[in-house]
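**Q** mind folding the following:
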Amino acid sequence: MNERKYLLDIVEDYGSLSSLGSYIKSLKGYFDLNHNPRASIVKDDPNNLRETGYGNNNVLPASVSEDHGTHVTGIIAADRNNDIGINGVANNVKVMAIRAIPDGDERDKDVANAIRYAVDNGARIINMSFGKRYSSHKEIVIEAFQYAESKGVLLVHAAGNDSENIDLTPAYPSKYISPGVRLNNWLEVGASA
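**A** Here you go, the predicted model:
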């Protein structure tokens, strides 16, 4: 992607340079390579991509919104026979709640570990309603996707909310392992409205 267009798109998304500047200031810690905001929360080593067993069981931290995953799960699995609220799109759904991406803080290591955990614990379909423009360690995510494929697990991914042609504009995660080589267990879902 053209870097200039990408930067202009970001400014447009935030409405003004001032708004973008405020957002960048809020991300200050991410530009400090020695800063690890996760150290006290999930207690992992961000440089060890093969590490497992980190995290905590607090699925409702006060500082992070959990509404997106709840919303998506409700669309998929809401009880269709209780006459309360909406009807989910499928009957007899069992949900394995894995909170790997709190509030948009998507890390490749966490995605890979969540996929492997879900596969190892019986998931047959994995919903991935997340994405980003850059993947610093996409190889570890691809390995996890290939692991899911080897176990016959379907990966369902949201195409995103920014009206981009994801076949042409880089978006991660992606069904493409390398140019011209794609996963066979991938379903990309997008809105047509």
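
**Q** pull stretch 170-185 out as CSV, backbone CA atoms only.
**A** The C-alpha coordinates for stretch 170-185 follow below in CSV (Å, rounded to 0.1, in the frame of the first residue of the first chain):
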residue,chain,number,x,y,z
PRO,A,170,-3.0,-5.8,3.2
ALA,A,171,-5.1,-6.9,6.1
TYR,A,172,-4.3,-9.4,8.9
PRO,A,173,-5.0,-12.1,9.6
SER,A,174,-5.4,-13.3,6.1
LYS,A,175,-6.3,-16.6,4.3
TYR,A,176,-3.1,-16.2,2.2
ILE,A,177,-0.1,-18.0,3.6
SER,A,178,2.1,-16.6,0.8
PRO,A,179,1.4,-15.1,-2.6
GLY,A,180,-1.0,-17.4,-4.4
VAL,A,181,-1.1,-20.0,-1.5
ARG,A,182,-4.2,-19.8,0.7
LEU,A,183,-5.8,-21.8,3.5
ASN,A,184,-8.6,-24.1,2.6
ASN,A,185,-10.3,-23.9,6.0
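
**Q** can you tell me what sits against it?
**A** 1, 111, 128, 131-135, 138, 141-142, 145-146, 148-149, 152-155, 157, 159-160, 164, 166, 186, 188 (C-beta atoms under 8 Å, 6 or more residues apart in numbering). The C-beta positions use only the backbone N, C-alpha and C, and glycine is treated the same way.

**Q** and for stretch 143-159?
**A** Contact partners of stretch 143-159, identified using C-beta under 8 Å, 6+ apart, comprise 111-113, 115-116, 118-119, 123-131, 166, 171, 173, 175, 177, 183-191.

**Q** any idea how far apart the tips of it sit?
**A** 21 Å (C-alpha to C-alpha, to the nearest Å).

**Q** now do the buried residues in that stretch.
**A** Of the residues in stretch 143-159, 144, 145, 148, 149, 153, 155, 157 count as buried by neighbour count, 16 or more other C-beta atoms under 10 Å.
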